[in-house]
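Enquirer: Got a predicted model here, sequence first, then my questions.
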Amino acid sequence: MGNKRGNIARLRRKMRVRQKVQGTEGRPRVCVFRSNKHIYAQVISDSEGKTLASASSLAATDTARKGVEAAKQVGLALAKICKEKNINKVVFDRNGFLFHGQVKALADGAREGGLEF
C-alpha cells in the first residue's frame, strides 16, 4: 500500500514540475526516470514531440557500477551524445523524483560533460 501512495505522490510532483518545464528546439528537456535497478535519461524536444538522445545504465555502464556511480556515468554519456548532436543548453526535468542521490548525480555528470542547465 505504501508503494502505491509513493507513486501517486511522485506523479503529483511530476505534474507540478511539467507545468513549469517545457522543452523547445533551442533548449530541449532532459527527462529522468529511475527504477529500482536502473536509471534512464532522454533529451526530448516537446515542440516536435521527438526524443533527440537517450542514455541509460543498461548500456552506458558496466554491470559493476550501481547507484550513484552508474547515474553519473549515464549523465556523462548523455552529455557526450548531446555534444555530437550540437545540443549545449537543456532544461532539467526530474520527473517527480527528489533532486538528490542518483538524480543529482546524473545532473552533475551531465554538467561535467558540458551540458548547461
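Expert: That came through, no problem.
Enquirer: mind listing what's buried in whichever strand or helix holds K104?
Expert: When elements are defined using DSSP states H and E, K104 is found to belong to helix 102-113. The neighbour-count criterion (16 or more other CB atoms under 10 Å) identifies 102-107, 109-110, 113 as the buried residues of helix 102-113. Using the backbone N, CA and C atoms, a C-beta is placed for each residue, glycine as well.
Enquirer: what's in contact with it?
Expert: If you take CB atoms under 8 Å, 6 or more residues apart in numbering as the criterion, helix 102-113 is touched by 30, 32, 34, 39, 41, 67-80, 82-83, 90, 92, 94, 97, 99, 117.
Enquirer: if I look at K14, how far off is L98?
Expert: Plainly put, K14 is 12 Å away from L98 if you go by CB to CB, to the nearest Å.
Enquirer: what about the helices in the protein?
Expert: The residue ranges that make up the helices of the chain, judged by DSSP state H, are 2-20, 68-84, 102-113.
Enquirer: Determine which residue lies closest to the centroid of the protein.
Expert: With distances taken as CA atoms, centre = their mean, the residue of the chain nearest its centroid is V32 (2.8 Å).
Enquirer: residues in contact with S54?
Expert: 40-43, 78, 81.
Enquirer: repeat that for 6 Å
Expert: Counting by CB atoms under 6 Å, 6 or more residues apart in numbering, S54 makes contact with Q42.
Enquirer: so how far is K85 from it?
Expert: When distance is defined by CB to CB, S54 is 12 Å away from K85.
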